[in-house]
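**Q** Build me a model:
(chains A and B)
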Amino acid sequence: MTSLDVKDGVDQETVEAVRSVGGHYKYGWETEIEMDYAPKGLDSDIVRLISAKNNEPEWMTNWRLDAFSRWEKLEEPNWAMVDYPKIDYQDIYYYASPKSMAEKPKSLDDVDPKLLETYKKLGIPLKEQLILAGVEGAEDVNLDERKVAVDAVFDSVSIGTTFKDELRKAGVIFCSISEAITEHPELVKKYLGSVVPVTDNYFATLNSAVFSDGSFVYIPEGVRCPMELSTYFRINAENTGQFERTLIIAEKGSYVSYLEGCTAPKRDTNQLHAAIVELVILEDAEVKYSTVQNWYPGDENGLGGIYNFVTKRADCRGDRSKVMWTQVETGSAVTWKYPSCILRGNESQGEFYSIAIANNFQQADTGTKMIHLGKNTKSRIVSKGISAGNAQNTYRGLVSMHPKATSSRNYTQCDSLLIGNKCGAHTVPYIEVKNNSSRVEHEATTSKVDDDQLFYCRQRGVNEEDAVALVVNGFCKEVLQALPMEFAMEAQQLVAISLEGSVG
Amino acid sequence: MPLSQKLPDDLNQRISSLKLPKNNTKKRCEALKRIKVMGLPSRRDEYWKYTNPSLFNNLFSDKNVVIGSDDKLNFDSIGCFKLIFTDGVFDQESSDSLESEELELVRISDSSVDKANWLEDFYGSLEEAGQNPVDRPLAKLNTAFATDGLALRVTGKITKPINIVYNETSYRSDVNLHHCIKLEQGSSLTLIESGSVSSRLNKVTELEVAQDSSFHHVCAQTNNVDKIVSTHLFARLWENSVLKSFTLTTSGALTRNEHVVELKGNNGISHLAAACIGEGRFHHDDTVFVTHEGTHCESRQVFKKVLKKGAFGIFQGKILVKPGAQKTDGYQISQSLLLDDDSQFLAKPELEIYADDVVCSHGSTSGAIDEEGLFYLRARGVPENTAKDLLILAFLAEALAEIEDTKISELLLTYLERSL
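**A** Got it, this is the predicted structure:
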């Protein structure tokens, strides 16, 4: 983004904000630490090795092996509007762990200080401290209400989880998935792969075979999780793929807000990240899942960067269950990600708020699926895509109203903004309506600003143009405000983005 | 995009059942070669996801003949030049003479190319251009095997609309028709197509609209009860040219209408619209691909579907704005009204934009009849069924409003009123 011709109507603040988000990658440094690698490449022995490293029971090993044999028969999908050189799956390390983690530290005090330092530098407090470094306004917040428990994943392993004891008192289980497999096998057995089956797609099957760690959350019936939970993923080792797996189970009437952040060092080679997130949401439960995806996006010439191929899905199994996905996608060279909602329970609700910013040579193909199965289900999709430089940004989504999902409702709005004339913005929505009492609306326009709001502004002497800008900006900010406090730092930069001059 | 699955057996069967006509041999052989590489469409192809192409692919014999109902729709009151096709063959004798008009008319089946030497290069060329980025095998098949069709070269403003009337007398099973229409600079033509050709029809129209010309097209698919119809319109628009095309469909077991438009020159205008109303065994698929290459072009797509008793409505629309096509104004709306729980509307309205100074928007909605509107009408003493019909008409009228000639749109509206 050196020289730029910006069309009329795109305000300078937006351009600056996009530049600041994509221009300097702050997290591109590396931690020098001795690592333990599994041999390069992938075969059934590597799968067994990963399983053994995590001291997994036999059923888990077999589950992985089954996934691996399926994966061998699959072909990599090519329908997304992304273009990248063929990945050599035999040229990747599937397991990399800091040597000091060979024996799991009993508490965070035993963790290698270098690792703790890494997270400190990233602004992620691994001590049970309360204030988040650098977040404006955090000091004004009532500390008791702003506790965040963190699970920190470094390459292939979880190095520790904070506030475990306090959470345990509330009955909440928050630990790494490897720990859950050994300590809570009944829960893992019941739910793992039940939302994203092993057979789901190429990358999901790969993940099922080789996932090394990730987070596990269980919120018991009626419990409102006393603090926000978060996982911070860091890729550090070179030529290593990260395959993490997150499983969140919200029992009847429970509530949890979960945050996810991710960064990686600057490297000239591409690295693969293929994760799965499964959310199981039972009657009257609610899960908020927020992501700031900030993997290394590659340099201004498109060299390096993470390939981010992620399968995220929420299964709203119970009546009146609710899920909200919020994502800010700023990183990764290639993004392939569709956080989805299966609205199985009657009156269940799914929401998807996304801001995807692609800069330089980044390519993002992202969106959501709203599968309405239950009666009176509701979904709402708000997606803002911004492309700059030579980037390509695609919204791809599915809204499906099944015959039995009567009286359901969907509203979709996706806007894109192009900054510069070498980038692209694309929209590929699929809309399938199979009953007539449901209403589906898909809109991709900025001209449709709420008339009442406009009228209100105009009545108070705001001229038409300013009024539109005010309403549109307000709308974008509304999405950003759906992000929890902990992402305020990133969000602060993004709020300057206006979607004036958007194209559908 | 290559087709993901080849069906060589089907294809061989299909090809061997057809005879290669003895004209435009070079183009036809090229097309045949291409179709052998492409294969026939399959359900696994992205743009055949919602419509099963097997009824287009399979062999079709006389036992598949269906006899359509009598159609009350005719355009006589408009005052048109009539060109008659009987059982898929151009019937010169029954047709009006166009000698007083500034146009050349030959049949594509006419092998004396000296009569229309432009046709030799033209035939199949726009269809070929429309094969990228998405394969359209049925159109390719048509180019190879089309038996008849008109080649019209328009050099001035045609004084009355031309109405191509398709009549069926001996009921043929399977026909491939191919029209080539070329509007030279500063010319204009309104073309109306009505009637039914055969039990299964594969029709391709190639259209080039030169600078400062305009082409208005109205197609009535009202006489296709239980028939299987595939149509393609491949249009290329040059500077300051206008294309307005409207299609009305009220019957047909399976209809797939593809519009492929390239806006090559600056300031071009392309309006595509369609209204369809169907019930029961009615599967209606509109597939649209509009490419903007010139600057300051306007494209508009308005597609409305009313579906009941298990009818299927499909809309796949794409606006592609190429790099440099600045000041593009693209608008697309696809809407369905589902009158009962058995009908389905499946849509994929796509945008692909590579230019930053453009306004493109699309919308798609689906739902039942507006209860409030119904209540309003009933409160004023309108019986329920009449009120519903009124709301259906109002819904379709938005697409009909896209027809330039109000005489035609009024005629179609009256026809719809009667048939409800």
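**Q** Determine the three-state secondary structure at the residue of the stretch 51-200 of chain A found nearest chain B.
**A** Here the residue of the stretch 51-200 of chain A nearest chain B is residue A:79; by C-beta to the nearest C-beta that distance is 7.1 Å. Placement of C-beta: from N, CA and C, glycine included. Per DSSP: H, G, I helix; E, B strand; the rest coil, the secondary structure class of residue A:79 is coil.
**Q** I'd like to know how far residue A:462 sits from residue A:352.
**A** Distance of residue A:462 to residue A:352, given as C-beta to C-beta, to the nearest Å: 31 Å.
**Q** related to what we said a few turns ago, just the pLDDT for the residue of the stretch 51-200 of chain A closest to chain B.
**A** pLDDT recorded at residue A:79 is 89.
**Q** repeat for residue A:485
**A** 58.
**Q** if I pick the residue of the stretch 51-200 of chain A closest to chain B, what's in contact with it?
**A** The neighbourhood of residue A:79, defined by C-beta atoms under 8 Å, 6 or more residues apart in numbering or on different chains, consists of residue B:46.
**Q** What residues does chain A have near chain B?
**A** Residues of chain A found near chain B (C-beta under 8 Å from any C-beta of the partner chain) are A:7, A:79, A:81, A:401, A:403, A:406, A:416, A:418-447, A:503-504.
**Q** mind running it again at 6 Å?
**A** Contacts of chain A with chain B, taken as C-beta under 6 Å from any C-beta of the partner chain, map to A:7, A:418, A:421, A:424-428, A:430-437, A:439-445, A:503-504.
**Q** Which members of those are classed as buried?
**A** Burial by neighbour count, 16 or more other C-beta atoms under 10 Å in any protein chain shown: within the residues of chain A next to chain B this picks out A:7, A:418, A:421, A:424-428, A:430-437, A:439-445, A:503-504.
**Q** Could you say which helix or strand holds the residue nearest to residue B:78 when sequence neighbours are not counted?
**A** Distance criterion C-beta to C-beta, 6 or more residues apart in numbering or on different chains; nearest residue to residue B:78, sequence neighbours excluded, is residue B:407 at 5.6 Å. Using DSSP states H and E, residue B:407 maps to helix B:406-419.
**Q** In that helix, which residues are buried?
**A** B:408, B:409, B:411, B:412, B:413, B:415, B:416.
**Q** Assumed residue A:188 was part of a helix.
**A** Yes - counting by three-state DSSP, residue A:188 falls inside a helix.
**Q** separation between it and residue A:269?
**A** 34 Å.
**Q** Give me the more crowded residue out of the two.
**A** residue A:188 (22 against 10; other C-beta atoms under 10 Å in any protein chain shown).
**Q** Report the closest residue of the stretch 201-350 of chain B relative to chain A.
**A** Nearest to chain A in the stretch 201-350 of chain B, going by C-beta to the nearest C-beta, is residue B:338, at a distance of 3.4 Å.
**Q** In contact with that residue, which residues are there?
**A** By C-beta atoms under 6 Å, 6 or more residues apart in numbering or on different chains, the contact set of residue B:338 is A:436, B:307, B:368.
**Q** Secondary structure element holding the closest residue to it other than its chain neighbours?
**A** With sequence-adjacent residues excluded and distances taken as C-beta to C-beta, 6+ apart, residue B:338 is closest to residue A:436, at 3.4 Å. Using DSSP H and E, residue A:436 falls within no helix or strand.
**Q** Touching, residue A:436 and residue B:368? I think so.
**A** Yes - in this structure, residue A:436 is within contact of residue B:368 by C-beta atoms under 6 Å, at 4.4 Å.
**Q** Could you pull out the helices in chain A for me?
**A** A:12-23, A:44-53, A:58-73, A:113-121, A:164-169, A:177-183, A:185-191, A:202-210, A:451-459, A:464-481, A:488-494 (DSSP state H).
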